[in-house]
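Student: Just a sequence and a predicted model for now, questions to come.
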Amino acid sequence: MKVAALGPEGTFSHELAEALFSDQVIELLPTIRSICTRVERGEVLGLVPIENSEAGGVGPTLDALQSMRIAIVGEAYLPVRHHLAAFDPADALEVIFAHPQTHEQCSDVLERLGVPVEHTSSNAASAVEMRNRQHAGAVVSEGIAARYGLPILLRRIENSPSNTTRFVLLRNLPECPDCQLKCSILVDPASDRAGLLYELLGAFARRAINLTRIESRPSKRGMGSYVFFIDFATQPGWQDVIADLRAFSSVKELGCYGRLEVR
């Protein structure tokens, strides 16, 4: 089956898809939503970013997991290195193009430069915009800089040297959870009351189940109403935790999975 990733060519998603699925046909799509729609139809597997160590959760991916019938069947981690490309010296730049999350991940250096930043739809789009504008720079990966023939002015401008993006592999049906390392769920509480979060976390603590991530997101039912994305290790008793949570909330199982390895 084809693997869909976020395009255009040269994005981090594209680079990771090529490294993980070198023997598969890779289809590049313009948005995370379009990837997830194709996954839900059973036409492709989808490789999408879900969180970054600097910028946090990726909204379009979390929204799709909340509203669509798709499941996580694998995860991969990609160290992210950002560079400032430009034909001019830094003091001659009039604008820098950057994807919004890239901007956030490189905010320290970009703020010190004091050059206006214009947002683009992808790092590859930043490269295209830079080539079409005089006295412009772009925050890009080394692969994109090479692909578009852009000289790198400043290397490694990400805020943190450990900057990492976590990607998930999606399909329209979950795989068997046996021998998987991690599970993801979406918890939608039936009501808002004192002690709700304590009760939710207590279901895991009572069985010594290790939570690897928890993030609240708006339920889209109005201000003050939230759902919780939770990742946890598949230790003995995790199925009983799901049963406990269902006593006071709606639980959507998003999949159990292991780590994807570069072939």
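Tutor: Thanks, I have the structure now.

Student: distance of the residue nearest to Ala136 when sequence neighbours are not counted from Gly137?
Tutor: Once flanking residues are discounted, Ala136 sits nearest to Met130: 4.7 Å by Cβ to Cβ, 6 or more residues apart in numbering. C-beta coordinates here come from the backbone N, C-alpha and C atoms, glycine included. Distance of Met130 to Gly137, computed by Cβ to Cβ, to the nearest Å: 6 Å.

Student: which sections of the stretch 51-200 of the chain are below the confidence cut-off?
Tutor: Residues of the stretch 51-200 of the chain meeting the criterion pLDDT under 70: 177-179.

Student: So which residues of it form helices?
Tutor: Using DSSP state H, counting those that start in this stretch, the helices of the stretch 51-200 of the chain run over 59-67, 100-105, 107-113, 123-131, 142-147, 196-205.

Student: most packed of the ones you listed?
Tutor: The highest average neighbour count among the helices of the stretch 51-200 of the chain, using mean count of other Cβ atoms under 10 Å, belongs to helix 123-131 at a mean of 22.

Student: quick one on the thing from earlier: any idea which of the helices of the stretch 51-200 of the chain gets closest to Ala90?
Tutor: Ranking the helices of the stretch 51-200 of the chain by proximity to Ala90 (Cβ to Cβ) places helix 107-113 first, at 6.0 Å.

Student: ok, back up a step: between Met130 and Gly137, what contacts are shared?
Tutor: Ala85, Ala86, Phe97 (Cβ atoms under 8 Å, 6 or more residues apart in numbering).

Student: Throw these into JSON lines and include neighbour count, thanks.
Tutor: Listed next are the shared contacts of Met130 and Gly137 as JSON lines, based on neighbours: other Cβ atoms under 10 Å:
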{"residue": "Ala85", "neighbour count": "26"}
{"residue": "Ala86", "neighbour count": "20"}
{"residue": "Phe97", "neighbour count": "26"}
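
Student: hey, where'd the strands end up in the stretch 151-263 of the chain?
Tutor: 152-154, 164-171, 182-189, 211-218, 226-233, 249-259 (DSSP state E, counting those that start in this stretch).

Student: quick one: which of those is nearest Ile242?
Tutor: With Cβ to Cβ as the criterion, Ile242 lies closest to strand 249-259 of the strands of the stretch 151-263 of the chain, at 5.9 Å.

Student: Could you pull out the buried residues of the closest one?
Tutor: The neighbour-count check on strand 249-259 (16 or more other Cβ atoms under 10 Å) flags Ser249, Val251, Leu254, Gly255, Cys256, Tyr257 as buried.

Student: got it, and stretch 17-31?
Tutor: Quick answer for stretch 17-31 (16+ other Cβ under 10 Å): Ala17, Glu18, Leu20, Phe21, Ile26, Glu27, Leu28, Leu29.
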